[in-house]
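Asker: Any chance you could fold what I've pasted below:
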Amino acid sequence: MNKVSKIISVALVLVLALSAMVMPSSAMVWDTGDDGTVKFTFSAEKYSGVDTMGVEATDIYAVTMYIKNDMPVNNIVCPIYYDATKFTPVDGTDMSILDWGYTVDHSAGLNGVAYVIPDGSDLADTNKYNKASVLPANRVVNARGAISGLGKGAFSSAITNLTDTDKSVSTAWWGGLDTNKYGVIVFQYSPQANYCNLQAYGTETPLLTFLFKLNDGADPVGAEFGFIEGSTKYFDVVTETVQTKFYYDATSSTGYPYIEATSCVYEEAAEPSPVYNLTSQIRFNGPVDGDYAPFDVRTRAAMTAEDFAAICGADTDAVNNITKVGFVYADSSVGLTLDNAAKVIGGTAVAGYVDKEVEHIQKTATEYVWTCLIEDAVYADAVDSVGYIVVDGETYYFDAVYATDFSALYDTWSSKIPTA
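Answerer: Model prediction:
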């Protein structure tokens with residue numbers, strides 16, 4: 001970084017809002033053969049949508065199953081576990097009448113699980129297997145004619161089992177798990193003749209999303225979904241042994257792959273920081289002199305007027321309530337982290353880090369902005385920064401490190417370089 005000591009004003013902070021954090025948990029491997037590799041992963045997030053009656057989801061959660069395979073898959077039978085103390089699957093016995101108020105009820109003979117086919121899933125592509133469509137080079141067309149994909153047939157033709165299992169009837173699917181805590185969905189994919197195989201081909205691809213309703217009074221945080229350690233039931237998968245065999249028929253082969261399955265744990269999203277970044281700016285100070293024109297770089301940070309008023313108080317009070325405002329900087333080669341930036345803001349020195357306080361905050365109609373100027377910047381340099389503000393002992397700073405590449409900024413605005 002060039003001449004950090006010449007920074008004279010302030011700015012910056014980045015907001016990164018997450019809807020949900022998905023943390024990998026237990027995993028299991030079934031090394032059943034050499035015919036490819038198949039990996040199952042899961043994610044969980046709050047669901048936003050409406051049911052058949054137009055009611056918006058408020059306590060519905062979506063668990064998406066992903067598949068990564070390098071050979072076509074023509075059969076899957078597997079358990080998908082969930083924390084039954086926190087969640088109950090939404091009733092999907094009749095997907096034409098989806099009602100958030102209804103969950104799976106074994107006493108009523110209803111055990112179908114509501115689902116969503118996510119974007120990118122093989123199950124969502126209605127044209128992939130249409131002979132009239134342009135097909136990927138690694139897929140062939142059956143000499144007898146077009147192959148029916150799932151988009152051209154009923155979902156139930158290939159998903160032959162998508163049910164929540166009644167533990168009072170059979171505990172076989174639980175294996176060694178606590179049946180008082182866990183529920184299980186049985187998922188079976190077994191395509192009919194001339195229906196598609198799954199074609200992820202080495203890329204993690206969403207396959208199917210299961211919908212759950214949060215139990216009354218339950219806290220969703222910590223709920224685990226997918227394969228849960230302790231179960232003795234495994235993920236059973238059959239693949240083709242020819243990679244270009246994208247449909248299932250009498251000529252299909254029987255391959256047994258290496259299989260891995262994991263689970264995820266739902267965590268609530270962290271509240272985004274009220275301090276966010278505005279893009280860095282460049283100021284040219286004259287025409288090209290040698291290789292480059294002389295220039296300064298200004299980094300910027302802001303808070304909305306509403307957040308500023310709520311946190312800092314009215315303008316007359318904010319002057320006293322704000323104890324420190326500025327940026328933490330480090331050359332891009334240092335590897336600035338939020339944890340270390342927080343230490344520097346608090347007064348602890350970290351090698352390669354510079355804490356620059358500022359004295360002025362600008363007010364606009366919608367924002368409060370502070371900026372910091374790096375004078376006599378060098379074209380080849382780059383700087384990482386974390387903007388912050390300290391109010392009544394509480395520190396607010398970026399949700400992510402903000403990077404400014406001087407050469408990229410220079411090249412983007414080179415048309416503004418004065419000629420004289």
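
Asker: Point out where the protein drops to low pLDDT.
Answerer: 1-28, 125-155 (pLDDT under 70).

Asker: and with 50 instead?
Answerer: Counting by pLDDT under 50, the low-confidence segments of the chain come to 1-25, 130-146.

Asker: Neighbours of residue 241, how many?
Answerer: 17 (other C-beta atoms under 10 Å). For the C-beta atoms, the positions are set from N, CA and C on the backbone; glycine is no exception.

Asker: Secondary structure element for it, which one?
Answerer: Under DSSP states H and E, no helix or strand contains residue 241.

Asker: again with the one 4 residues further on
Answerer: Residue 245 belongs to no helix or strand when elements are defined using DSSP H and E.

Asker: Can you give me the neighbour number for the nearest residue to it once chain neighbours are set aside?
Answerer: Computed as C-beta to C-beta, 6 or more residues apart in numbering, the closest residue to residue 245 that is not its neighbour in sequence is residue 72, at 5.5 Å. Neighbour count of residue 72, defined by other C-beta under 10 Å: 26.

Asker: Settle this for me: residue 72 is touching residue 240, isn't it.
Answerer: Yes: between residue 72 and residue 240 there is a contact under C-beta atoms under 8 Å: 4.3 Å.

Asker: list residues touching both of these two?
Answerer: Common neighbours of residue 72 and residue 240 (criterion: C-beta atoms under 8 Å, 6 or more residues apart in numbering): residue 197.

Asker: Give the buried residues for stretch 349-366.
Answerer: 350, 353-356, 358, 361 (16 or more other C-beta atoms under 10 Å).

Asker: residue ranges for the helices of the stretch 101-250 of the chain, please.
Answerer: 155-158 (DSSP state H, counting those that start in this stretch).

Asker: tell me the SS of residue 411?
Answerer: At residue 411, secondary structure determined by DSSP: H, G, I helix; E, B strand; the rest coil is helix.

Asker: Sorry, wrong one. I was asking about residue 58.
Answerer: Three-state call for residue 58 (three-state DSSP): coil.

Asker: try residue 341
Answerer: Secondary structure, three-state DSSP: residue 341 is helix.

Asker: my guess is it meets residue 395, correct?
Answerer: No: assessed by C-beta under 8 Å, residue 341 is found out of contact with residue 395, at 10.0 Å.

Asker: Counting neighbours, go ahead and name the busier of the two.
Answerer: Under the criterion of other C-beta under 10 Å, the comparison of residue 341 against residue 395 puts residue 341 first, with 26 against 15.
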